[in-house]
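Asker: I need the structure of the sequence given here:
(4 chains)
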There are 2 protein chains.
Amino acid sequence: METNIGYLLSDSGRLLRKTFDERVRSLGLTAVQARLLMSLVKFPDNNQAFYAERIEVEPITLTRIVDRMEEAGWVERVFDPNDRRARLLHLTDKSREIVEPLRVIVNALVEDMAEGLTAQEQDMLARLLEKVSANLTAEREIRNVANG
Amino acid sequence: METNIGYLLSDSGRLLRKTFDERVRSLGLTAVQARLLMSLVKFPDNNQAFYAERIEVEPITLTRIVDRMEEAGWVERVFDPNDRRARLLHLTDKSREIVEPLRVIVNALVEDMAEGLTAQEQDMLARLLEKVSANLTAEREIRNVANG
DNA sequence: TTGCAATAATAAGCCATGTTATTATATGCG
DNA sequence: CGCATATAATAACATGGCTTATTATTGCAA
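Answerer: A predicted model of the protein is given here:
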């Protein structure tokens, strides 16, 4: 085993997040904030639990991301008229202005990371990563059932 | 584009770290602590800068990982007789005892994550991840040079 | 040889992430 | 209806990760 495939996956994921972070910083966002913003554009007017699921973080993690974004004026929390427990997230004028530049950055990053890979290789990479994720998710579910 | 390949990579890396973390917790370690310990076994008696490079974190990050591990009795900081700036890291009796169980956990995780993938697919995954990492690293270096 | 740049470690301060626990509200079932 | 369970959000606390800055030491070069 030359390079452990586990370390490779862990490290390349971190490197990607870091690179993304550096690029979106020019807009005043962090990586996960940018991601949440893209999700807000694509699926508007949902509650926090929905977005936590979308960007694959725990609800408490999303709460604190939103805390900072609200403070910086990127999002608004709005009471859900149909569920008094919930808060819906809305874009602001300020954030609507950076949607397009952000899209440009995202597309460029995906292009850069995949440079030199054929379309087939990119599909293959996606397929293999999905398989690995599915394996790990399945394992976690088994363990959760076992432990109650 | 169904699932963005960037998010896929970022998320699967995080999921892997989380799963690893849950498993090594039975030994009293966190994921990155376990990884440092494996590195200590493989390349004994080096200074902190060396291990920071090995596990791909910044020196300050390693400092605090070592702080906690030293406090918990997993490693010792030893003054380097040849360089008064440096501290060498040593295993302890306590940590030597968990090296074997840890190895078992690491091997099992790599096996689980790659379940259902042929040897060729695993090689392919490694190759593609290395390519992506190289692309991102190259981009960062260009940007660093450009910015001074 | 002296003086300056590079290196090793760390501190301060920020953001992200998680587990566990708490509060408020919904919902479903008997 | 009334209660048990589930869900939405968050607080408290811990770890990991980074940037920037500081201190001590080393090593090279004029």
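
Asker: can you name the residues in contact with stretch A:92-104?
Answerer: Counting by Cβ atoms under 8 Å, 6 or more residues apart in numbering or on different chains, the neighbours of stretch A:92-104 from elsewhere in the structure are A:24, A:27-29, A:34, A:37-38, A:40-41, A:73-76, A:91. Glycine gets a C-beta too; all of them are placed from N, C-alpha and C.

Asker: repeat the analysis, applying 7 Å as the threshold.
Answerer: Contacts to stretch A:92-104, defined as Cβ atoms under 7 Å, 6 or more residues apart in numbering or on different chains, come from residues A:24, A:27, A:34, A:37-38, A:41, A:73-76.

Asker: now do stretch A:65-82
Answerer: Outside of stretch A:65-82, the residues within contact range by Cβ under 7 Å, 6+ apart are A:32-33, A:36-37, A:40, A:47-48, A:86-92, A:94-95.

Asker: quick revisit: now list the buried members of the contacts of stretch A:92-104.
Answerer: Neighbour-count burial (16 or more other Cβ atoms under 10 Å in any protein chain shown) is assigned, among those, to A:24, A:27, A:34, A:37-38, A:74-75.

Asker: remind me which helix or strand residue A:77 belongs to.
Answerer: With the criterion set as DSSP states H and E, the secondary-structure element containing residue A:77 is strand A:75-79.

Asker: how about residue A:101?
Answerer: Following DSSP H and E, one finds residue A:101 within helix A:99-113.

Asker: centre of the chain versus the following helix or strand past that helix, how much separation?
Answerer: Scanning forward in sequence from helix A:99-113 by DSSP H and E, the next helix or strand is helix A:119-146. Here the centre of helix A:119-146 is set off from its chain's centre by 17 Å, with Cα atoms, centre = their mean, to the nearest Å.

Asker: and helix A:119-146 with DNA strand D, contact?
Answerer: No. Figure legend: helix A:119-146 not in contact with DNA strand D (Cβ under 7 Å from any atom of the strand); closest approach 13.5 Å.

Asker: what residues of that helix count as buried?
Answerer: By neighbour count, with 16+ other Cβ under 10 Å as the criterion, the buried positions of helix A:119-146 are A:122, A:124-126, A:128-129, A:131-133, A:135-136, A:139.

Asker: just want the residue of chain A that's nearest chain B.
Answerer: For chain A, the residue closest to chain B is residue A:13, as judged by Cβ to the nearest Cβ, at 2.2 Å.

Asker: wait, that residue sits on residue B:18?
Answerer: No. Proximity of residue A:13 to residue B:18 does not meet the contact threshold set by Cβ atoms under 7 Å, at 11.5 Å.

Asker: between helix B:99-113 and the lowest-mean-pLDDT helix or strand in chain A, find me the angle.
Answerer: Confidence across the helices and strands of chain A bottoms out at helix A:119-146, with a mean of 87, counting by mean pLDDT, DSSP states H and E. With axes from the mean of the first three to the mean of the last three Cα atoms, to 10 degrees as the criterion, the two stretches helix A:119-146 and helix B:99-113 enclose an angle of 120 degrees.

Asker: mind giving me the domain ranges of chain A?
Answerer: A:5-113, A:114-148 (automatic domain parsing).
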